[in-house]
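Visitor: Build me a model from this:
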Amino acid sequence: MDEEILKGRVKEKLSALGEVEIIVGIPSYNNAPTIGHVVRAAQAGLLKHFPARKALIVNSDGGSTDGTLEAVEQAKLDTQSILSVSHPLYPVHRLTTPYYGLPGKGSALRTLFRIAELTQARALAVVGADLRSIAPEWFELLLGPVLDREFDYVAPYYKRHKFDGAITNSIVYPLTRALYGRRVRQPIGGEFGISRRLASRLLTEEGWNTDVARYGIDIWITTTAIAENYKVCQSYLGAKIHDPTDPGSDLSGMLVQVVGSVFGLMETYDFVWRNVLGSLPAPLFGFPFEVGLEPVRINLGRMLASYQQAVRDLLPVYRSIISSPQLEGLEAAAALPEGEFALSDELWVAVICDFALGYHRRVIDREHLVRSLTPLYLGWVASFARQAENETAAQVEERIEKLCLVFEQLKPYLINQWPLQSGEKRSAS
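Guide: Numbering: from 1, shown residues only. Coordinates of the predicted model:
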């Protein structure tokens, strides 16, 4: 497998380096303005929190042409950062390598996992090359639970603006929580810590050459870790500062990628989630302090218009996917004036269940099915934003918690409608 992933020059450098305990992986593509800051934060965090452990920072690059690789090589700690460290036993080594395979984060992660396997690293932290809010403390929080407490997967926990992360809040988090029974608040957060044991397990999968490697890698890793009973936790990292986007912008591509991956994983692990009811919290490390957040602006009128047009124009499509009671509810909501528009949690959850069932039954082309969810999703965001407009972050989190409970309460509907495998019998309960 390493012949396909790692080229000779990289393997020679790894061989000369020998075994390491810690790897920090930074996937990149044209991130010259920010990657130097990320590398310096990683160096400072490793030297401060793990001075007695041999560490390697790996930049897995997708063919940058803007000076990203040069920025990595030039990144050095400033004097103040060095003074905060007392006599580290090992310097922090750095390696830049191209990744091979399908374009996207998945191929970069495959390269990093293989390097972790070859170097016998105990823990790997992956962070984005475009982060502006990254701090040295992140590396203790992502690596410490793996190194000191034998966790296999550390998901990030961020404070986010109440309208940020709408796909996570409305579908990915509550559905994943209801399916697999574990409350991982940011299942597609991007940053994470992982044990070599789990990384090696993921390398055995064939999905690296599919669209999962392009688009759905984060939810695939999170779901695999939870569904296969690896030891999972979360670490509070504060704010993730990135360029905010309007949830009403063109999100069809992201929905196809992320939600399609969630639905596909339901088929892989249906023998797990059909036997799970309720949910349990995942341990949380770090102190949840308050942070300043960048605002996320949304265009309610545009989202509502998209929803109303879809309910008019896509009725034949929706009739093949959505059950009659839910479809009638969607039509009734479309007739409401903007100031009264609302989609109930119960209606929204039932619609998502119908889409998951339609995806599994292949009632229409799967990509078209998930794309047709986009305007309905925009309707939910419009409804959510209108109702939460004057609410605090804590109140909005309570609102999302109630949505999660509805997903859990309606899960029997999903279980009862899900087609059984050949030879299976449905429980009388």
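Visitor: Tell me which stretches of this structure form strands.
Guide: For the chain, the strands defined by DSSP state E cover 22-28, 55-61, 92-98, 123-126, 153-159, 182-183, 192-195, 232-239, 280-281, 284-285.
Visitor: Low-confidence ranges, this protein, go.
Guide: 1-5, 77-91, 97-104, 211-215, 242-251, 289-296, 421-429 (pLDDT under 70).
Visitor: Mark out where each domain of it begins and ends.
Guide: 2-285, 300-416 (automatic domain parsing).
Visitor: Pick the most deeply packed of those domains.
Guide: domain 2-285 (a mean of 19; mean count of other C-beta atoms under 10 Å). The C-beta positions use only the backbone N, C-alpha and C, and glycine is treated the same way.
Visitor: Turn the strands of the chain into a markdown table, columns for distance to residue 225.
Guide: Below are the strands of the chain laid out as a markdown table (distance: least, C-beta to C-beta, whole Å):
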| stretch | distance to residue 225 |
| --- | --- |
| strand 22-28 | 17 |
| strand 55-61 | 21 |
| strand 92-98 | 25 |
| strand 123-126 | 13 |
| strand 153-159 | 4 |
| strand 182-183 | 9 |
| strand 192-195 | 8 |
| strand 232-239 | 5 |
| strand 280-281 | 15 |
| strand 284-285 | 16 |
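Visitor: closest one to residue 10 among the ones you listed?
Guide: strand 92-98 (4.7 Å; C-beta to C-beta).
Visitor: what angle do that closest one and strand 55-61 make?
Guide: 20 degrees (axes from the mean of the first three to the mean of the last three C-alpha atoms, to 10 degrees).
Visitor: If you count contacts, what does strand 92-98 end up packed against?
Guide: Other elements packing on strand 92-98 under the criterion 3 or more C-beta pairs under 8 Å, 6 or more residues apart in numbering; DSSP states H and E are helix 8-17, helix 32-49, strand 55-61, helix 68-74, helix 105-119.
Visitor: Contacts made by it with the rest, please.
Guide: By C-beta atoms under 8 Å, 6 or more residues apart in numbering, the residues outside strand 92-98 that reach it are 6-7, 10, 13-14, 17, 20, 39, 42-43, 46-47, 54-63, 69, 72-73, 111, 115.
Visitor: Output it as CSV, restricted to C-alpha atoms.
Guide: Provided in CSV are the C-alpha atoms of strand 92-98 (Å, rounded to 0.1, in the frame of the first residue of the first chain):
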residue,chain,number,x,y,z
VAL,A,92,10.4,19.3,16.2
HIS,A,93,11.1,17.8,12.8
ARG,A,94,9.3,18.9,9.7
LEU,A,95,8.4,17.2,6.4
THR,A,96,6.6,18.4,3.3
THR,A,97,5.2,15.8,0.9
PRO,A,98,2.8,15.8,-2.0
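Visitor: Direction-wise, compare it with helix 32-49 and give the angle.
Guide: Going by the same axes, to 10 degrees, strand 92-98 makes 150 degrees with helix 32-49.
Visitor: Strand 92-98 pairs with which strands, parallel or anti?
Guide: In the sheet, strand 92-98 lines up against strand 55-61 (parallel) (DSSP bridges).
Visitor: Does residue 223 touch residue 176 like I think?
Guide: Yes - if you go by C-beta atoms under 8 Å, residue 223 and residue 176 touch, sitting 6.6 Å apart.
Visitor: Now do the shared contacts for these two.
Guide: 187, 262.
Visitor: if I look at residue 63, how far off is residue 108?
Guide: Per C-beta to C-beta, to the nearest Å, residue 63 is found 11 Å from residue 108.
Visitor: cool, and residue 259?
Guide: Taking C-beta to C-beta, one finds residue 259 at 22 Å from residue 108.
Visitor: same check, this time on residue 396
Guide: With C-beta to C-beta as the criterion, residue 396 and residue 108 are 33 Å apart.
Visitor: Also residue 11?
Guide: Distance from residue 11 to residue 108, by C-beta to C-beta: 17 Å.
Visitor: Next: residue 140.
Guide: Counting by C-beta to C-beta, the gap from residue 140 to residue 108 is 23 Å.
Visitor: Could you do residue 7 as well?
Guide: Counting by C-beta to C-beta - residue 7 and residue 108 are separated by 15 Å.
Visitor: Grab the longest helix from the chain for me.
Guide: Assignment by DSSP state H gives helix 366-388 as the longest helix of the chain.
Visitor: List the contacts of residue 334.
Guide: For residue 334, the residues meeting the contact criterion (C-beta under 8 Å, 6+ apart) are 307-308, 311-312, 379.
Visitor: Go through those and say which is closest to residue 347.
Guide: residue 379 (10.3 Å).
Visitor: So that closest one sits against residue 305, correct?
Guide: No - here residue 379 lies out of contact with residue 305, judged by C-beta under 8 Å, at a distance of 10.0 Å.
Visitor: so residue 125 bridges to which residues?
Guide: residue 24, residue 193.
Visitor: if I read this right, residue 61 contacts residue 28, doesn't it?
Guide: Yes - at 4.9 Å, residue 61 counts as touching residue 28 under the criterion of C-beta under 8 Å.
Visitor: between those two, what contacts are shared?
Guide: 68, 108.
Visitor: ok, residue 167 to residue 186 distance?
Guide: Taking C-beta to C-beta, one finds residue 167 at 12 Å from residue 186.
Visitor: wait, residue 359 sits on residue 366?
Guide: Yes - using C-beta under 8 Å, residue 359 makes contact with residue 366 at a distance of 5.8 Å.
Visitor: got any residues that touch both of those two?
Guide: Contacts common to residue 359 and residue 366, judged by C-beta under 8 Å, 6+ apart, are 260, 263.
Visitor: just the helices in the stretch 201-350 of the chain please.
Guide: 211-214, 217-227, 252-268, 270-273, 300-313, 315-321, 324-334, 345-361 (DSSP state H, counting those that start in this stretch).
Visitor: Which among those helices is found nearest to residue 121?
Guide: Closest among the helices of the stretch 201-350 of the chain, using C-beta to C-beta: helix 217-227, at 16.6 Å.
Visitor: ok, residues contacting the closest one?
Guide: With C-beta under 8 Å, 6+ apart, helix 217-227 has contacts from 104-106, 109, 152-153, 155, 172, 176, 180-182, 184, 187-190, 192, 194, 198, 201-202, 205, 207, 212, 230, 232, 258, 261-262, 265, 268-269, 272-273.
Visitor: Chain neighbours aside, what residue packs nearest to residue 261?
Guide: residue 216 (2.7 Å; C-beta to C-beta, 6 or more residues apart in numbering).
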